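Participant: structure for the following, please:
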Amino acid sequence: MKRKQSACLLASMLLPGVLLGWPSRAGAQSTNLTTIEQMLPAYEQYADDCEAALNALPTPYSPAVQDDVNEAMLRINALRSIPTIIQKDPSYFNNSIKPSNLVAWKQGWDYFLACAQAGADSFAGMTSGTRAYVSPIDGGLLFYELQLPADYTPSKTYPLLVLLHPGGAYFWEANGVGGAPSNNPKYANSTETITIHPFGRGSNSYAGMGEASVLEALADAEARYPIDLNRILVGGASMGAVGGFRFGCFYPDLFAACYSITGDTDYMLPKYNGMFDPIESLCNYANIGVCIWDAPKDLSYTQNEQVASDLSALQQTYPGYYPYVKYTDPNGKHGVIDPTLLQEGWDWMWQQVRNPYPAQVIYQTYWLRYSGAYWAYVDGVVDPTKPALIQANLTSGPAVSVNVENVTNFHLNLVPQLVGSISKVAVTINGTSLNVPTGGEVDFAYQNGSWTKAASRYGSGLVKRPGLSGPVLDAFMQNPVLMVYGTTAGKSDAQQNAMVDAALMNLLGPGDGAVVYHTPFNRKQDVQVTSEDIANDNLVLFGTPQTNALLASVAGSLPISFLSNGIQVGSSQYTGNGVGLVMIYPNPLNQNNYILILPENYGSYTGLQPSSLYKFPDYMVIYPYSTSLKPNQMRILKKGTFSSSWSL
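Facilitator: As a prediction, this is how the structure comes out:
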């Protein structure tokens with residue numbers, strides 16, 4: 001059965017203004033802004049009153065009430081962000097935020113307050129709206145727009161479309177926050193599908209915290225709605241297309257197909273860097289459908305032609321794998337493709353079905369954050385600066401053949417769905433044959449010159465592994481993050497918080513209205529950090545052992561040493577006023593989590609962009625220098641990636 005995409009979804013892809021989401025910056029103060037400024041005091045009081053009523057609810061909250069409170073606070077936060085937007089970007093009110101937004105937010109928080117007071121599920125019976133969830137990374141309220149079928153029933157399962165927004169669509173978070181949910185069929189999906197449109201934390205090409213936000217939204221939707229896990233599509237247009245390429249490559253086992261509408265693989269990302277650019281690991285698309293729409297007039301055309309050519313070559317090498325289609329609109333342009341070609345691509349994608357247990361898995365990784373897919377996963381590498389590859393094949397017998405490159409440890413999930421009811425299976429690894437038990441995950445390691453079944457998942461001692469492999473960006477990808485400033489230097493809390501604010505600006509950009517939306521993160525003095533914090537959080541430690549007592553307690557366990565006036569890396573010393581260390585490392589107090597060390601002057605560096613974080617390795621010794629035109633530039637005196645054993 002062919003699935004027709006809803007008219008509203010196709011329109012959002014075809015209209016450049018909607019598709020690209022670029023707000024108008026031209027013109028003087030708009031009528032919208034004047035009206036909003038007049039409305040604001042009353043609506044701020046309404047928001048205060050609602051929050052007070054929420055705070056008066058009995059605790060602990062039930063799950064339904066907690067959801068209602070989060071939904072109300074999302075709208076309240078949107079309203080409270082308006083003064084900042086007025087100050088920093090008044091032209092945003094020309095088109096993107098209007099007086100009707102304030103009215104909708106109030107209707108929303110009033111509705112959710114009433115539901116919370118009644119203990120009711122605020123989305124029961126609703127088929128569209130904006131859903132809030134809490135990100136574990138910074139504790140912030142994020143959201144995704146939701147559309148259910150008009151005749152939705154929880155007794156059925158539905159395919160899911162993860163529609164990724166283009167660049168600039170959510171320049172300010174408030175632009176994407178809706179009011180109360182609706183059961184109006186006009187706003188529901190006209191097809192038997194569910195759509196979520198995640199707020200990707202801004203224009204970050206779905207890397208870092210932007211990537212994590214999509215995975216968080218997907219997990220939230222899967223927990224709340226009966227989604228067919230084998231019928232999930234992901235992608236979008238422009239920057240959303242970049243996300244489609246990335247999620248399809250790095251998480252192929254989560255989706256049936258990924259798609260790109262006039263996008264490339266590396267927009268705003270390090271080009272040809274396998275940690276970010278999927279063009280370096282097209283082999284990962286072996287079992288996921290790939291749909292590409294492009295246009296000769298678009299800047300991404302040449303790259304898309306190369307991607308399609310490479311996928312075609314892989315198809316020839318591996319018959320039956322690498323399903324893809326490409327549609328070229330000779331009259332198209334960025335974000336605008338002929339509707340007939342669009343529909344042909346959608347018809348093809350909705351026919352794709354994920355196979356959770358394909359007979360062949362091919363997965364290459366440059367970063368153990370992305371460790372494998374389906375039933376074959378890399379757990380350790382020889383050289384973390386080079387790509388690692390696992391290729392696992394189920395053959396007749398059944399038997400399993402595995403080829404690995406630059407790998408020390410891996411595991412296979414030998415469940416009955418893959419190998420049947422047999423109790424043991426022959427596994428051949430780079431020519432070495434083993435008989436291993438089936439029924440679940442089996443670990444393998446390269447020891448004493450040969451492959452063997454391993455007693456544990458990872459190598460002995462401190463080793464790089466998925467979720468604990470660096471580089472610096474990895475600290476902001478999964479666990480809660482706690483900012484820890486020192487107390488031994490005699491600075492006030494206000495001074496220390498200003499230091500953290502400045503550092504976050506250089507790392508991630510402003511908390512709203514920039515590349516990566518984020519909250520201020522939780523913060524504590526070094527002497528306030530608890531055993532619970534150490535057990536659960538990645539700790540960002542500011543300063544040196546002389547200024548931060550918690551850093552002093554672990555400094556002796558680090559591979560890089562602090563000097564009284566600088567840093568020592570191996571036998572090399574780097575000294576001088578302002579020399580500092582940026583370094584990610586397993587926390588010596590809990591080696592399952594990270595510490596990230598930042599110098600106290602990190603926020604004073606000028607010229608840094610949030611995307612600079614994508615290029616940071618495991619450690620850098622840095623030094624501020626100035627020119628007549630550019631003060632406090634960052635000079636890197638030494639940088640590097642730790643070995644697989646976290647050593648120099």
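
Participant: can you give me the strands in the stretch 101-250 of the chain?
Facilitator: Taking DSSP state E, counting those that start in this stretch as the criterion, the stretch 101-250 of the chain contains strands spanning 128-134, 141-147, 158-164, 194-198, 227-237.

Participant: secondary structure class of the nearest residue to Gly248 once chain neighbours are set aside, three-state.
Facilitator: Computed as C-beta to C-beta, 6 or more residues apart in numbering, the closest residue to Gly248 that is not its neighbour in sequence is Cys258, at 2.9 Å. Bear in mind the C-beta positions are built from the backbone N, C-alpha and C, glycine included. Using DSSP: H, G, I helix; E, B strand; the rest coil, the structure places Cys258 in strand.

Participant: check contacts around Cys258.
Facilitator: Taking C-beta atoms under 8 Å, 6 or more residues apart in numbering, we find Cys258 in contact with 233-235, 244-245, 247-249, 288-291.

Participant: please apply the same query to Met505.
Facilitator: Applying C-beta under 8 Å, 6+ apart to Met505 gives the contacts Gly603.

Participant: lowest-pLDDT helix or strand in the chain?
Facilitator: Sorting the helices and strands of the chain by mean pLDDT, DSSP states H and E puts helix 16-20 at the bottom, at a mean of 33.

Participant: what ranges do the strands span in the stretch 501-648 of the chain?
Facilitator: 522-525, 538-542, 561-563, 566-569, 572-575, 580-587, 590-598, 619-625, 633-640.

Participant: which of the ones you listed sits closest to Ala180?
Facilitator: strand 522-525 (30.4 Å; C-beta to C-beta).

Participant: which strands and helices sit next to that closest one?
Facilitator: strand 481-485, helix 493-508 (3 or more C-beta pairs under 8 Å, 6 or more residues apart in numbering; DSSP states H and E).

Participant: contacts for that strand?
Facilitator: Defining contact as C-beta under 8 Å, 6+ apart, one finds that strand 522-525 is touched by 138-139, 480-487, 493, 496-497, 500, 533, 537.

Participant: for ChimeraX, write the select line for the buried members of the residues you listed.
Facilitator: Here is the ChimeraX command that selects only those of the contacts of strand 522-525 that count as buried (16 or more other C-beta atoms under 10 Å):
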select :138,480,481,482,483,484,485,486,487,496,500,533,537
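
Participant: kindly report the domain assignment for this protein.
Facilitator: Dividing the chain into domains by automatic domain parsing, as the record does, gives the ranges 7-349, 360-453, 472-640.

Participant: so for the last one, mean pLDDT?
Facilitator: In this model, domain 472-640 has an average pLDDT of 94.

Participant: so how far is that domain from its chain's centroid?
Facilitator: With C-alpha atoms, centre = their mean, to the nearest Å as the basis, the distance from the averaged C-alpha position of domain 472-640 to the chain average is 21 Å.

Participant: which stretches in the stretch 251-400 of the chain count as helices?
Facilitator: Using DSSP state H, counting those that start in this stretch, the helices assigned to the stretch 251-400 of the chain run over residues 301-317, 339-349.

Participant: Glu173 is nearest to which of those helices?
Facilitator: In this view, these are compared for proximity to Glu173 by C-beta to C-beta, and helix 339-349 is the closest at 29.2 Å.

Participant: list the buried residues for the host helix or strand of Glu44?
Facilitator: Assigning secondary structure by DSSP states H and E places Glu44 in helix 31-55. For helix 31-55, the neighbour count (16+ other C-beta under 10 Å) marks 32-33, 36, 39-40, 43-44, 46-47, 50-51, 53-54 as buried.

Participant: helices or strands next to it in the packing?
Facilitator: Packed against helix 31-55, as judged by 3+ C-beta pairs under 8 Å, 6+ apart, are the following elements: helix 63-80, helix 82-88, helix 99-118.

Participant: before we move on, back to that, and of the helices of the stretch 251-400 of the chain, who's closest to His518?
Facilitator: Closest of the helices of the stretch 251-400 of the chain to His518 is helix 301-317, at 30.0 Å (criterion: C-beta to C-beta).

Participant: in space, what's closest to Leu282 - neighbours in sequence excluded?
Facilitator: In space, Leu282 comes closest to Asp310 once its chain neighbours are excluded; the distance is 5.2 Å by C-beta to C-beta, 6+ apart.

Participant: the one you found and Pro358, how far apart?
Facilitator: Note on Asp310: its distance to Pro358, by C-beta to C-beta, to the nearest Å, is 20 Å.

Participant: out of these two, which sits in the busier spot?
Facilitator: Using other C-beta atoms under 10 Å as the criterion, Asp310 and Pro358 rank with Pro358 on top: 23 against 16.

Participant: tally of neighbours for the closest residue to that one other than its chain neighbours?
Facilitator: With C-beta to C-beta, 6+ apart as the measure, Asn287 is the residue that lies nearest to Pro358, at 4.4 Å, once sequence neighbours are left out. Here the number of neighbours of Asn287 (other C-beta under 10 Å) works out to 24.

Participant: what of Gln525?
Facilitator: The number of residues packed near Gln525 is 15, by other C-beta under 10 Å.

Participant: which residues does it bridge with?
Facilitator: When bridges are assigned using DSSP bridges, the partners listed for Gln525 are Tyr485.

Participant: check the gap between it and Val436 for me.
Facilitator: 51 Å.

Participant: can you check Tyr485 too?
Facilitator: The gap separating Tyr485 from Val436 is 50 Å, by C-beta to C-beta.

Participant: same question for Val582.
Facilitator: In this view, Val582 and Val436 are 43 Å apart by C-beta to C-beta.

Participant: ok, the two, which is more surrounded?
Facilitator: Val582 (22 against 16).

Participant: hang on, the more buried one packs against Leu473?
Facilitator: No: in this structure, Val582 sits apart from Leu473 without contact. The criterion is C-beta atoms under 8 Å, and the distance is 11.5 Å.
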